[in-house]
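Peer 1: Got a predicted structure here, sequence first:
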Amino acid sequence: MPDNLKKRRDKFKTAARGQTGPAEATEKKPLFGGGRISRVMKTQFSVQFSTLQDAGLPVLRSLKILEGQMRPGRFKTVLQAVSEDVEGGSPLSEALSKHPKVFDALYVNVVRAGEAGGMLTEVFQRLAEFMERSDKLVRRVRGALAYPSFVVLFAAGVLTFIMIVVVPQFEEIFSGLGRDLPAMTEMLIGFSKAIGDYWFLLPLVPLAFWGLWKMIRKSPGGLYATDKFKLKMPLFGNLIRKTQVSRFARTLGTLSSSGVPLLESLDIVRGTSTNEVLGQTVDKVKASVSEGESIAQPLGESGIFDDMVVNMVDVGEETGELDRMLMKVADRFDDEVDSTVAAMLSILEPLLIVVMGVVVGFIVVALFMPLLELQGNI
């Protein structure tokens, strides 16, 4: 268990010792439960529920305690409904499955497997660790994209200001010279006029690309082609591939270690896949398993998983420790995502500086070339 999850669990265990009686819901369920339920909230719920189960409390009382200490909002409303269903005799997994937007198929099936094996404490610990590591991976990728995105947007704003405000002032100066302007200057002035006349179309350009991208992805062929393009992109493609491999391995490893049957686990992995190329690979893996074949072969043929991953999965199948090998793969690729992000930023920073230098240099040369030519003639 990661250190931050362990500290959170120990802290809650200390607080839970003060709960001597059954916690009762003090508020009626609101008609419209507002508020967003983040993965952080679900991670915290999983850690706390695991702690209460480890302390020997019944499922219903654990739910009542967590519901009672939660602030009013959508998650409190959902827990009230889950508590009512469990109190009415429903299994916990069935009560959770009635709220698919909060507890997805992976969460529900892991809990169902934990109920069947009498391991609710362990499976909730695994769920908390899974969500914590998945969120950490997403934060790494978003952090890698934040800096270059900010630089590009800032640079685009500065260049737009130069084109709309600065270049027209130089154009007025050039118009009084009575001389033909260099080609670079004519090109810059023409570009400036186009932006000045059609500035209101600038926000529509990224929206048009986004709309075209979404339209292409509506068809199965377009979805596969765009997801394959993502994996082949310069700089970002390798990062996306490693993120997908890590997510696949951790999801399947978590399900397998929790006792969910392999074919059912593959269905869940397919449903949670965010890349169609990987999704079709999972379909091939499922077909291979259904025919009694190995998992490793279709993974090796996909082009997404490297030889080391394929061999580790193969060894895991042979030794009966597939879940442990998958978690090792996920941990390894989490570390590789870190190194890839660092390497990508080390390349992007000077690359952006060079591109901006070229653009600014072109503008400066184009603006001052006519003045230098005039000075030379004088």
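Peer 2: Received it, and whenever you're ready, just let me know what you need.
Peer 1: Can you list the buried residues in stretch 112-126?
Peer 2: Under the neighbour-count criterion of 16 or more other CB atoms under 10 Å, stretch 112-126 has 112-115, 119-126 buried. For glycine as for every other residue, the C-beta is placed from the backbone atoms N, C-alpha and C.
Peer 1: And those residues, which is closest to residue 75?
Peer 2: Compare each of these with residue 75 using CB to CB and the shortest gap goes to residue 124, at 15.9 Å.
Peer 1: looking at it, that closest one is touching residue 59, isn't it?
Peer 2: No - using CB atoms under 8 Å, residue 124 is not in contact with residue 59, being 10.8 Å away.
Peer 1: which residues do these two both contact?
Peer 2: Overlap between the contact sets of residue 124 and residue 59, as judged by CB atoms under 8 Å, 6 or more residues apart in numbering, is given by residue 53.
Peer 1: The buried residues of stretch 112-126: which two are farthest apart?
Peer 2: Distance extremes for the buried residues of stretch 112-126: the farthest pair is 112 and 125 at 16.2 Å, using CB to CB.
Peer 1: Where does pLDDT dip in the stretch 1-150 of the chain?
Peer 2: Counting by pLDDT under 70, the ranges of the stretch 1-150 of the chain that qualify are 1-35.
Peer 1: hmm, try it at 80
Peer 2: Counting by pLDDT under 80, the stretch 1-150 of the chain shows low-confidence ranges at 1-36, 39, 117, 137, 140-141, 143-145, 147.
Peer 1: do the same with the stretch 151-300 of the chain
Peer 2: Counting by pLDDT under 80, the stretch 151-300 of the chain has low-confidence residues at 174-180, 199, 202, 235.
Peer 1: would you list every one of the helices in it?
Peer 2: Counting by DSSP state H, counting those that start in this stretch, one finds helices in the stretch 151-300 of the chain at the ranges 167-175, 183-197, 204-216, 220-232, 236-257, 262-272, 276-290, 296-302.
Peer 1: Next: the stretch 1-150 of the chain.
Peer 2: Counting by DSSP H, counting those that start in this stretch, the segments of the stretch 1-150 of the chain that form helices are 3-16, 39-54, 59-68, 74-87, 92-97, 105-117, 120-161.
Peer 1: any chance of the ones you listed in TSV, plus distance to residue 314?
Peer 2: Converted to TSV, those look like this (distance: least, CB to CB, whole Å):
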stretch	distance to residue 314
helix 3-16	31
helix 39-54	32
helix 59-68	39
helix 74-87	41
helix 92-97	32
helix 105-117	25
helix 120-161	24
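Peer 1: I'd like to know which of the helices of the stretch 151-300 of the chain lies nearest to residue 335.
Peer 2: Checking those against residue 335 by CB to CB gives helix 236-257 as the closest, at 9.5 Å.
Peer 1: can you state the direction angle for the closest one and helix 262-272?
Peer 2: With axes from the mean of the first three to the mean of the last three CA atoms, to 10 degrees as the criterion, the two stretches helix 236-257 and helix 262-272 enclose an angle of 140 degrees.
Peer 1: Which residue ranges make up each domain of this structure?
Peer 2: Listed domain ranges for the chain are 3-103, 130-378 (source: automatic domain parsing).
Peer 1: Just put the ones you listed in TSV and tack on mean neighbour count.
Peer 2: TSV is the format used below for the domains of the chain (neighbours: other CB atoms under 10 Å):
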stretch	mean neighbour count
domain 3-103	16
domain 130-378	16
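Peer 1: As JSON lines, the helices of the stretch 151-300 of the chain with distance to residue 55 would be great.
Peer 2: As requested, these are arranged in JSON lines below (distance: least, CB to CB, whole Å):
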{"stretch": "helix 167-175", "distance to residue 55": "71"}
{"stretch": "helix 183-197", "distance to residue 55": "66"}
{"stretch": "helix 204-216", "distance to residue 55": "49"}
{"stretch": "helix 220-232", "distance to residue 55": "45"}
{"stretch": "helix 236-257", "distance to residue 55": "23"}
{"stretch": "helix 262-272", "distance to residue 55": "30"}
{"stretch": "helix 276-290", "distance to residue 55": "38"}
{"stretch": "helix 296-302", "distance to residue 55": "41"}
